[in-house]
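In: Model the following, please.
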Amino acid sequence: MTSKENMPRILIAGANSGCGKTSITCGILKALTDKGLKIQSYKCGPDYIDPMLHSHITGMDCRNLDPFFSTEEDLRYLMAKDSRKADFTVTEGVMGYYDGIGVSCEKSTHTVSVATMSPVILILNVKGMSHTMIPLIKGMLAYRDNPVKGVILNRCSKGLFGMMKPVIEEELGIRAVGYFPETEGIHIGSRHLGLMTAAEITNLDEVITLLGVTAASCIDLNLLLEIGRKASPLPVVEAPALPAKRARIAVAWDKAFCFYYRENLEILEQLGAELVYFSPTRDTELPEGTGGIYLGGGYPETYRRNLSMNVSMRAAIRDAVRRGCPVFAECGGFMYSCENLIETDGSAMPMLALVDTDVEMTRRLSMDFGYVYVEALKDTAYFDKGTVIRAHEFHYSRAHRRGDACLMKKATGRSWEGIYVKDRVFAGYPHFYFHNCKDLAGRFVEMAAELSSS
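Out: Numbering: from 1, shown residues only. The predicted model follows:
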């Protein structure tokens, strides 16, 4: 049954990457949470780290909204099914508002805002400018039909905001919701893949508190809430009841492996999986009754010594594979599945050796990064030949041999072979979003169920 419900919400979009979206979004999440509101957050695009920060602040699982993986109807469904449980919803965009696949606007934050009918608050870094911000914002507003309702000026003084607010509102017809000053002490650490994960930032709560205080004092939160409450109702589809558990899947979860779409885990549960969590760096054996193993993405290179020295866990996983246990390994999990993990200095440490290749860290982002279409080149336990699935790659490493089960294709026309499917082991660089490939997830659960019931 489908109905429509009012779900107050905003989407925070940036004029460009690096304009301050994440810091300001985290500040707003903290300030609204401190007001006693139950906040549901979302992140546009294939991001894992920002959602961890959101979840740490709100205490609720952040979700991904990715128009490459989902239809516009799916985006509305995904937003509504969790937003209806909250008082207010905040979505953080990705890159610039109109930046999509390649150099197009296709599958961009703009796509998400229009599909979900979410009022947009634009973030603009105005350091070094005053009236010039007016034509810049005007161009953003005029480019395409959009739901932009307000703007927050980043790296802006209180005095400049006070002078520009009436000009913005009179000339552009949108609300100047607030500003964010340049403040020392607000810094979320970063590494080659982007921001550090929430679990790795030792002063995270201190930084988040400062962001929240800044947002509360420099942003008109009541105006923000007012804008969000004017959002159009969203259609709601009642979720089906969960089936009986028939497969026990062990999910690697620690500082080395923490990149999972929440939707992926829930879809496995909807297909009958009982998820149990373990640490490849600390635990000495797999959870009792394990019928399948999910090795997600993360930073295995940072914790390679712990992974390599945990000989008992490596032996336990290899023994499980010999017994027919299916393994689904993405990106960081693929690196862990290889024979050796080699650092940029040439030092190597043995990993699981489930697939016959080494993987070597690189100093630059792989040219294969971004969205890809994965086409199956052969029949395997996980898919039939000719199956095409949308996925995403992002890694600072290269496998000496990539595997030959699939052909990866980019929108630019570039293509390459990759992914190992060796009996019941599936291992490769691409990250998958099970909402658009439920058959792949279903086969994984079916194989896990066979072992779980034996």
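
In: Please count neighbours and contacts with C-alpha atoms only from this point.
Out: Noted.

In: Low-confidence stretches in the stretch 101-250 of the chain?
Out: 184-200 (pLDDT under 70).

In: hmm, 50 instead?
Out: 189-194 (pLDDT under 50).

In: can you give me the helices in it?
Out: Under the criterion DSSP state H, counting those that start in this stretch, the stretch 101-250 of the chain carries helices at the ranges 109-115, 133-143, 158-172, 204-218, 221-229.

In: Report all helices and strands that the fourth one contacts.
Out: Just to be clear, that refers to helix 204-218. If you count contacts as 3 or more Cα pairs under 8 Å, 6 or more residues apart in numbering; DSSP states H and E, helix 204-218 packs onto helix 21-34, strand 175-180.

In: picking that back up, which of the helices of the stretch 101-250 of the chain sits most buried?
Out: helix 109-115 (a mean of 23; mean count of other Cα atoms under 10 Å).

In: Dump that helix to CSV, restricted to CA.
Out: Only the C-alpha atoms of helix 109-115 are listed here, as CSV (Å, rounded to 0.1, in the frame of the first residue of the first chain):
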residue,chain,number,x,y,z
THR,A,109,23.2,16.1,-6.4
HIS,A,110,20.7,18.2,-8.5
THR,A,111,19.2,14.9,-9.7
VAL,A,112,18.6,13.8,-6.1
SER,A,113,17.2,17.1,-5.0
VAL,A,114,14.6,17.1,-7.8
ALA,A,115,13.8,13.5,-7.5
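
In: so what does that helix touch, helix or strand wise?
Out: helix 72-83, strand 88-96.

In: let's see 10 Å
Out: Helix 109-115 is packed against strand 9-14, strand 39-44, helix 72-83, strand 88-96, strand 120-125, strand 148-154, with contacts defined by 3 or more Cα pairs under 10 Å, 6 or more residues apart in numbering; DSSP states H and E.

In: got the angle between the first one and helix 72-83?
Out: In this case it means strand 9-14. Compare the direction of strand 9-14 with that of helix 72-83 by axes from the mean of the first three to the mean of the last three Cα atoms, to 10 degrees and you get 120 degrees.

In: Then the second one?
Out: With the same axes, to 10 degrees defining the directions, strand 39-44 sits at 150 degrees from helix 72-83.

In: Break this protein down into its domains, please.
Out: Domain assignment of the chain by automatic domain parsing yields the ranges 2-237, 247-452.

In: that older thread, which among the helices and strands packed on helix 109-115 is found nearest to residue 330?
Out: strand 39-44 (20.3 Å; Cα to Cα).

In: Deepest in the core, which of the helices and strands packed on helix 109-115 is it.
Out: Greatest average neighbour count among the helices and strands packed on helix 109-115 goes to strand 9-14 (a mean of 30), per mean count of other Cα under 10 Å.

In: Identify the neighbouring strands of that one in the sheet and state each direction.
Out: Paired neighbours of strand 9-14 in the sheet (DSSP bridges): strand 88-96 (parallel), strand 120-125 (parallel).

In: gap between the first one and the chain center?
Out: What that stands for is strand 88-96. Mean-position distance between strand 88-96 and its chain equals 12 Å (Cα atoms, centre = their mean, to the nearest Å).

In: Just the CA atoms of it, as CSV, please.
Out: In CSV, the C-alpha atoms belonging to strand 88-96 read as follows (Å, rounded to 0.1, in the frame of the first residue of the first chain):
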residue,chain,number,x,y,z
PHE,A,88,13.6,16.1,10.3
THR,A,89,15.8,15.0,7.5
VAL,A,90,19.1,16.4,6.3
THR,A,91,20.8,15.2,3.1
GLU,A,92,24.4,16.1,2.2
GLY,A,93,25.2,16.5,-1.4
VAL,A,94,28.4,15.4,-3.3
MET,A,95,30.8,17.5,-5.3
GLY,A,96,29.2,20.6,-6.8
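
In: would you list the strands paired with strand 9-14 in CSV and tack on distance to residue 150?
Out: Shown next, in CSV, are the strands paired with strand 9-14 (distance: least, Cα to Cα, whole Å):
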stretch, distance to residue 150
strand 88-96, 14
strand 120-125, 5
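
In: I'd like to know which of those is closest to residue 82.
Out: Closest approach to residue 82 among those is made by strand 88-96 (9.2 Å; Cα to Cα).

In: Just the CA coordinates for stretch 423-435, please, in PDB.
Out: The C-alpha trace of stretch 423-435 is given here as PDB (Å, rounded to 0.1, in the frame of the first residue of the first chain):
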ATOM      1  CA  ASP A 423      34.300 -21.400  -7.100                       C
ATOM      2  CA  ARG A 424      32.300 -19.600  -4.300                       C
ATOM      3  CA  VAL A 425      34.900 -16.700  -3.800                       C
ATOM      4  CA  PHE A 426      33.900 -13.400  -5.400                       C
ATOM      5  CA  ALA A 427      36.600 -10.800  -5.100                       C
ATOM      6  CA  GLY A 428      37.300  -7.500  -7.000                       C
ATOM      7  CA  TYR A 429      37.700  -3.800  -6.700                       C
ATOM      8  CA  PRO A 430      34.100  -2.700  -7.400                       C
ATOM      9  CA  HIS A 431      31.800  -1.800  -4.600                       C
ATOM     10  CA  PHE A 432      28.200  -3.000  -5.300                       C
ATOM     11  CA  TYR A 433      24.900  -1.600  -4.100                       C
ATOM     12  CA  PHE A 434      22.600  -4.500  -3.600                       C
ATOM     13  CA  HIS A 435      19.400  -2.500  -4.100                       C
END
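
In: Give the buried residues for that stretch.
Out: With burial defined by 16 or more other Cα atoms under 10 Å, the residues of stretch 423-435 counted as buried are 424, 425, 426, 427, 428, 429, 430, 431, 432, 433, 434, 435.

In: again with stretch 60-74
Out: Across stretch 60-74, burial judged by 16+ other Cα under 10 Å covers 60-70, 72, 74.

In: Out of these, which sit inside strands?
Out: Using DSSP state E, the members of those that fall within strands are 63, 64, 65.

In: Give me the pLDDT for the first one.
Out: It refers to residue 63. Residue 63 carries a pLDDT value of 95.
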